[in-house]
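1. Here is my input; please provide its structure:
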Amino acid sequence: MDHDRITALGRSLPFYTWYARSPHLERAGQPGVIDLLFGNPHDLPLPEYVETLRRHAEPQDPSWYVYMLDHPPATEVVARDLAAHTSLPWRAEDVAMTTGGWGAIAIAMRMITEPGDEVIYYDPPWFFYDILVRGAEAVPVVLTLDPPRFSPDPQRLADAITPRTRAVLINTPHNPSGRILDAAELEAIAEVLRAASARIGRPIYLLSDEAYRLITLDRQRAPSPAEHYDHTLVLYSYGKQLLAPGNRIGYLAISPRIPDPEPLRQAAMLARFVNGFGFPNNILQRALPDYAHMCVDLDVLRLRRDRLIPVLADRGYDPTTPEGTFYIMARSPEPDDEAFVARMAAEDLFVLPGSTVAMPGWFRISLTASDAMIDAAIERFAKAPTPA
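-> So this is what the prediction gives:
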């Protein structure tokens, strides 16, 4: 890949170009800063998680830190948990451990696409969907999710599929809207993909980004698209449920309903080598059976949501009410969301401009800030300009 192509890829990443000049780079972590920008922790990590890592870091034999591919106890836990969630017979041999959900998406792209293939995804997106599709030399095809419901339109999807369509990438619970796609919505997507696959003469894969599967704020279940569509690859990250995004471990799981999965298993193995040894480190894999059940306090996230939303609504910001994830979207008080975000940053309140996730005129708030930051943010928003 030459310099010009890398530069061209960078132009597809509006988040990076905005963040590279953001004052957050210099002021994050300073006293008095209200940091609602990213889904990063602002409290100490789960003590039991830290203790689990400490215990597994202690070597028990000379090979403790050698190269590790897929650690069988880790893949077995993944298969067990997926089976419990979906009631499908997932197999450990169909699980590829990855460096977080980010790594899982990158591996999936390399596994199933060839140069010129099309991959459909939805706006508003996670920041890096576009660049991951382009990095695999595939072609992104973007559909829009309209507020306030952010529900995929089956007809739009059907109209976007061509003979070059290789995959559809969806995210539920959805970052940044917080929507959990329900069974009827997932079945409608599945019906479109089954019909299109039959028409084209080969399966279109459904790439299911489920990084927030356990982050549901009203004790509801987030169904997996794999329950509705056979040719699904599930992509997951443990960084969200543990609120430890820097400890990169996740997985790609091949649906047990896919006939003859062996070529996909081999592709997943080879793609991780091609992608620069895309396997999680030994300690994270060894420890996984002991922390796979751990999760941040969802009641705390829900209480923060329920305290912030009435203030935002009363001030006319028209906030979303997330069912999952830990984000709230709200309307900017002016069309130029980046200008509004810059003024708030000048007062040490950091939020994400919606233009970085294809939602100009909006901004995103992260609920992973500390309670003290949430208290300060409530006061600040109560005094901030109201939308026209």
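
2. Quick check: phi and psi at the residue nearest to the spatial centre of the chain.
-> With distances taken as CA atoms, centre = their mean, the residue of the chain nearest its centroid is Ala211 (4.7 Å). With angles defined as degrees, to the nearest 10, Ala211 sits at phi -60, psi -30.

3. do the same with Arg149
-> The phi/psi pair for Arg149 (degrees, to the nearest 10) reads phi -80, psi -30.

4. does it really touch Arg179, like I thought?
-> Yes - counting by CB atoms under 8 Å, Arg149 does reach Arg179; the two are 7.3 Å apart. (Each C-beta comes from the backbone N, C-alpha and C, glycine too.)

5. Compare neighbour counts for these two and give me the winner.
-> Higher neighbour count among Arg149 and Arg179: Arg179, with 25 against 11, using other CB atoms under 10 Å.

6. Check what pLDDT the more buried one gets.
-> With respect to pLDDT, Arg179 has a value of 97.

7. Disregarding residues adjacent in the polypeptide, which is nearest to it?
-> Phe150 (4.6 Å; CB to CB, 6 or more residues apart in numbering).

8. What is the neighbour count of the one you found?
-> Phe150 - counted by other CB under 10 Å - has 18 other residues nearby.

9. Glu187 versus that one, what's the distance?
-> Note on Phe150: its distance to Glu187, by CB to CB, to the nearest Å, is 17 Å.

10. likewise Ser366?
-> To Glu187, Ser366 is 31 Å away according to CB to CB.

11. So these two - more neighbours on which side?
-> Ser366 (22 against 16).

12. For that one, name its beta-bridge partners.
-> Applying DSSP bridges to Ser366 gives these bridge partners: Tyr327.

13. what about it, distance to Leu308?
-> Separation of Ser366 from Leu308 (CB to CB) stands at 11 Å.

14. Also Arg202?
-> In this structure, Arg202 and Leu308 are 46 Å apart, going by CB to CB.

15. if we can go back for a sec, correct me, but the residue nearest to Arg179 touches Ile180?
-> No - the pair Phe150 / Ile180 is not scored as a contact, 10.3 Å apart, by CB under 8 Å.

16. Am I right that Ser151 falls within a strand?
-> No - if the criterion is DSSP: H, G, I helix; E, B strand; the rest coil, then Ser151 is coil and not within a strand.

17. And the contacts of whichever helix or strand Ser208 is part of?
-> In this assignment (DSSP states H and E), Ser208 forms part of strand 205-209. With CB atoms under 8 Å, 6 or more residues apart in numbering as the test, strand 205-209 has contacts from 101, 105, 108, 112, 119, 126, 166-172, 189-190, 193, 224-226, 229, 231-235.

18. Which members of these occur in strands, if any?
-> Judged by DSSP state E, the contacts of strand 205-209 include 119, 166-171, 232-235 as members of strands.

19. Output these in CSV; the columns should cover distance to Arg315, neighbour count and pLDDT.
-> Formatted as CSV, those follow (distance: CB to CB, whole Å; neighbours: other CB atoms under 10 Å; pLDDT from 0 to 100):
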residue, distance to Arg315, neighbour count, pLDDT
Val119, 39, 28, 98
Arg166, 45, 22, 98
Ala167, 41, 24, 98
Val168, 37, 28, 98
Leu169, 35, 24, 98
Ile170, 32, 22, 98
Asn171, 29, 27, 98
Thr232, 41, 27, 98
Leu233, 42, 28, 98
Val234, 39, 27, 98
Leu235, 37, 26, 98
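
20. Just the strands from the protein, written as ranges.
-> Applying DSSP E to the chain gives strands spanning 34-35, 95-98, 118-123, 139-144, 165-171, 205-209, 232-237, 250-254, 327-331, 349-350, 352-353, 362-366.

21. For the second one, which strands pair with it and how are they oriented?
-> Think strand 95-98. When pairs are called by DSSP bridges, strand 95-98 turns out to pair with strand 250-254 (antiparallel).

22. repeat for the fourth one
-> Sheet pairing here is set by DSSP bridges, and for strand 139-144 it gives strand 118-123 (parallel).

23. Would you mark the buried spots in the partner strand?
-> Within strand 118-123, the residues scored as buried using 16 or more other CB atoms under 10 Å are 118-122.

24. same thing with stretch 287-303?
-> Neighbour-count burial for stretch 287-303, counted by 16+ other CB under 10 Å, picks out 287-292, 295-296, 298, 301-302.

25. on that earlier part again, gap between the residue nearest to Arg179 and Trp362?
-> The gap separating Phe150 from Trp362 is 12 Å, by CB to CB.

26. which ones are touching Thr165?
-> The contact partners of Thr165, by CB under 8 Å, 6+ apart, come to 117-120, 141, 196, 200, 204.
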